[in-house]
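K.L.:
no sequence on hand, only this structure:
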């Protein structure tokens, strides 16, 4: 009945949705932000530990659907160890990927990271679900900018 | 007329359509219902051959349109068994009707020191206008608790009325999340005994059962056209005539005045006092057609059909492993909110959509109620209309079983 949904709900996404990585509170966070999707009630609290220009560690807590949990989980794995400039670049590219399914601007740098996020590209076919995938990245931007709240509205 | 769901479905063109290659199973009528040809036809006819502005022109088309608009008001009067047509005010929807009462009765008649008593099971439309009133005037706002079964805690209602400060009780006649039908007659008696007026939000109830505002002794009763198989953009406020007379106007403009000079204006009598500007003429005519449609079938027949659907759905959904239903009220209508143990409401609705099933996911404009039950992440909701069939419910139940396997 739902076989064609395996593109959206790939095993990797279901796995990260069930067992999100870095789902914890950082004791020594330097930056944090809260992300809200008021339409569906998804909510996350993201914490970063910046060391100079490098995102040394990330942790998040919250609640949401499989897509938003998996996206947050993959985001923390992908961004860990990157510079803030790389984190911003990944955020821009991921949002293009989620909205259009492709990323023509994506160059050779960070190609491995984008490959890792590719399983979420299927969300672009589900307009009402794109925000589920982008919430974590909006929240990352807010945290990098030292902000407090992000909304996927 | 006997109830023939096949014939009824044939009246609704959209029900023959397919979604993603699957026959549409529309289970979101509680959000907005589909429209029968009779409504579509009446509105088209008006625009093609009987349209002009109302209450203005002394020419044939304007008189025809005015008569059709006022005939709709009389149809609503009969539908609700109101004492007189002047007690029917057309609004844009239920939300606007409640805002009208919050503004005109809340600010115009209630006094600081008095309270409004709503409940935890209200739609945001019956919470937020009262919060705005509270914040602007200092009028207190109280909420009746909801029990674990999803019913109003009537002892709490009595307790919150006891000090005599409550000037208005604002309560749903049927919950859009739990399906619970509230004991409206008893609530009205208790409110009146405590010196309060009572407003019923009939957005859900008026679609599913016969409403008699005089038998209920309702002071205010609101409903909306688009959930009653009519168009969007038209809603109804019923209010007792004396209350409408005592209330100041809502919006200012044309049609609501008796006379205007640059120094000041005088108000038209109700209902015109509350209908400033060109109203939703075509939509009012569509609402009339919708009322004629459900009346011809018969509200008791619709209620009986939906009662059978509710029993069928209770049985079928309770067989789905891992599914929890929100609320278990004795008296309930065809609205079922549920969660599945291993699937988030949004993932679930995406899956069901692939099977052609339209359900709502989220908090259904009732965030406080979801907080009350610890379901901040939301639920899925299946809501029925007069065209819903037992086979559609079977299909939903089967899809839910498959969805649970999908996420296993």
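P.N.:
Nice, I can see it. The model shown is predicted, which means the values in this text are computed figures rather than measured ones.
K.L.:
tell me what the helix or strand harbouring residue B:236 is packed against?
P.N.:
For residue B:236, the host element (DSSP states H and E) is strand B:235-239. For strand B:235-239, the elements it packs on are helix B:60-80, strand B:88-91, helix B:94-101, strand B:220-224, judged by 3 or more Cβ pairs under 8 Å, 6 or more residues apart in numbering or on different chains; DSSP states H and E. C-betas here are computed from N, CA, C, even on glycine.
K.L.:
gap between the longest one and the chain center?
P.N.:
Read it as helix B:60-80. 21 Å (Cα atoms, centre = their mean, to the nearest Å).
K.L.:
nearest to chain A, of the helices and strands packed on strand B:235-239?
P.N.:
For chain A, the closest of these is helix B:94-101, at 17.8 Å, according to Cβ to the nearest Cβ.
K.L.:
and the closest one, what other elements does it pack with?
P.N.:
Looks like helix B:94-101 contacts strand B:88-91, helix B:128-137, strand B:166-172, strand B:197-201, strand B:220-224, strand B:235-239 (3+ Cβ pairs under 8 Å, 6+ apart).
K.L.:
helix or strand right after the second one?
P.N.:
For helix B:128-137, the succeeding helix or strand toward the C-terminus, using DSSP H and E, is strand B:140-144.
K.L.:
and that following strand, which strands flank it?
P.N.:
Here strand B:140-144 has these sheet partners by DSSP bridges: strand B:115-119 (parallel).
K.L.:
re earlier: of all the helices and strands packed on helix B:94-101, which one is nearest residue B:267?
P.N.:
Nearest to residue B:267, of all those, is strand B:88-91, at 13.3 Å by Cβ to Cβ.
K.L.:
and for that closest one, what's in contact with it?
P.N.:
B:72-73, B:76-77, B:80, B:82, B:97, B:100, B:222, B:234-239, B:244, B:270-271, B:274-275, B:279-280, B:284 (Cβ atoms under 8 Å, 6 or more residues apart in numbering or on different chains).
K.L.:
near chain B, which residues of chain A?
P.N.:
Those residues of chain A that sit near chain B, judged by Cβ under 8 Å from any Cβ of the partner chain, are A:1-2, A:4-5, A:8-9, A:14, A:39-43, A:63-67, A:126, A:128-129, A:132.
K.L.:
which of the residues you listed are buried, as a PyMOL select command?
P.N.:
Listed next is the PyMOL selection for buried residues among these, using 16 or more other Cβ atoms under 10 Å in any protein chain shown:
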select buried, chain A and resi 1+2+5+8+9+14+39+40+41+42+43+64+65+66+67+126+129+132
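K.L.:
and the helix or strand harbouring residue A:90, which residues are buried?
P.N.:
When elements are assigned from DSSP H and E, residue A:90 belongs to helix A:84-100. For helix A:84-100, a neighbour-count test (16+ other Cβ under 10 Å) marks A:84, A:86-91, A:93-99 as buried.
K.L.:
turn the residues you listed into TSV, columns for pLDDT.
P.N.:
Below are the buried residues of helix A:84-100 laid out as TSV (pLDDT from 0 to 100):
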residue	pLDDT
A:84	96
A:86	95
A:87	96
A:88	95
A:89	94
A:90	95
A:91	95
A:93	94
A:94	95
A:95	93
A:96	93
A:97	94
A:98	95
A:99	94
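K.L.:
do you know the pLDDT at the most centrally placed residue in chain B?
P.N.:
Geometric centre of chain B, nearest residue: residue B:203, 0.8 Å, by Cα atoms, centre = their mean. Here, the pLDDT recorded for residue B:203 equals 98.
K.L.:
over to residue A:145?
P.N.:
At residue A:145, the pLDDT recorded in the model is 90.
K.L.:
same check on residue A:153?
P.N.:
pLDDT at residue A:153 comes out at 48.
K.L.:
state the phi and psi torsions of the residue of chain A found nearest chain B.
P.N.:
Ranked by Cβ to the nearest Cβ, the top residue of chain A for proximity to chain B is residue A:65, at 3.8 Å. As for residue A:65, its main-chain torsions (degrees, to the nearest 10) stand at phi -80, psi 180.
K.L.:
so what's it up against?
P.N.:
Neighbours of residue A:65 in contact, by Cβ under 8 Å, 6+ apart: A:17, A:40, A:42, A:129, A:132, B:344, B:345, B:346, B:347.
K.L.:
what does the first one show for phi and psi?
P.N.:
This points to residue A:17. phi -70, psi -40.
K.L.:
quick one: neighbours of it, just the number.
P.N.:
Per other Cβ atoms under 10 Å in any protein chain shown, the neighbour tally for residue A:17 reads 23.
K.L.:
I'd like the helices and strands packed on helix B:94-101 as CSV, with mean neighbour count and distance to residue B:49 appended.
P.N.:
Output for the helices and strands packed on helix B:94-101, formatted as CSV (neighbours: other Cβ atoms under 10 Å in any protein chain shown; distance: least, Cβ to Cβ, whole Å):
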stretch, mean neighbour count, distance to residue B:49
strand B:88-91, 24, 22
helix B:128-137, 17, 39
strand B:166-172, 25, 40
strand B:197-201, 27, 36
strand B:220-224, 28, 27
strand B:235-239, 28, 26
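K.L.:
quick one, which of the ones you listed gets closest to residue B:28.
P.N.:
strand B:220-224 (15.0 Å).
K.L.:
how far does that closest one sit from its chain's centre?
P.N.:
On Cα atoms, centre = their mean, the centre of strand B:220-224 falls 7 Å from the chain's centre.
K.L.:
what does it rub up against?
P.N.:
Contacts for strand B:220-224 (Cβ under 8 Å, 6+ apart): B:80, B:91, B:93-95, B:97-98, B:101, B:105, B:173, B:197-203, B:205-207, B:211, B:213, B:234-240, B:243.
K.L.:
OK, contacts around the nearest residue in space to residue B:13 that is not next to it in sequence?
P.N.:
Spatial nearest neighbour of residue B:13, chain neighbours left out: residue B:37 (6.5 Å); criterion: Cβ to Cβ, 6 or more residues apart in numbering or on different chains. With contacts defined as Cβ under 8 Å, 6+ apart, residue B:37 is in contact with B:11, B:12, B:13.
K.L.:
nearest to residue B:111 among the residues you listed?
P.N.:
For the contacts of residue B:37, the nearest to residue B:111 is residue B:12 (48.1 Å; Cβ to Cβ).
K.L.:
next up, the contacts around that closest one.
P.N.:
Counting by Cβ under 8 Å, 6+ apart, residue B:12 has contacts B:34, B:35, B:36, B:37, B:387.
K.L.:
what separates the first one from residue B:21, distance-wise?
P.N.:
Remark: distance between residue B:34 and residue B:21 (Cβ to Cβ, to the nearest Å) = 20 Å.
K.L.:
the two: who's more crowded?
P.N.:
Legend: neighbour count by other Cβ under 10 Å for residue B:34 and residue B:21, higher for residue B:34 (19 against 8).
K.L.:
ok, the more buried one touching residue B:230?
P.N.:
No - in this structure, residue B:34 is not within contact of residue B:230 by Cβ atoms under 8 Å, at 10.8 Å.
K.L.:
residues from chain B in reach of chain A?
P.N.:
Counting by Cβ under 8 Å from any Cβ, chain B sits next to chain A at B:343-347, B:350-351, B:354-355, B:361-363, B:367, B:370, B:376-378, B:399, B:402-403, B:406-407.
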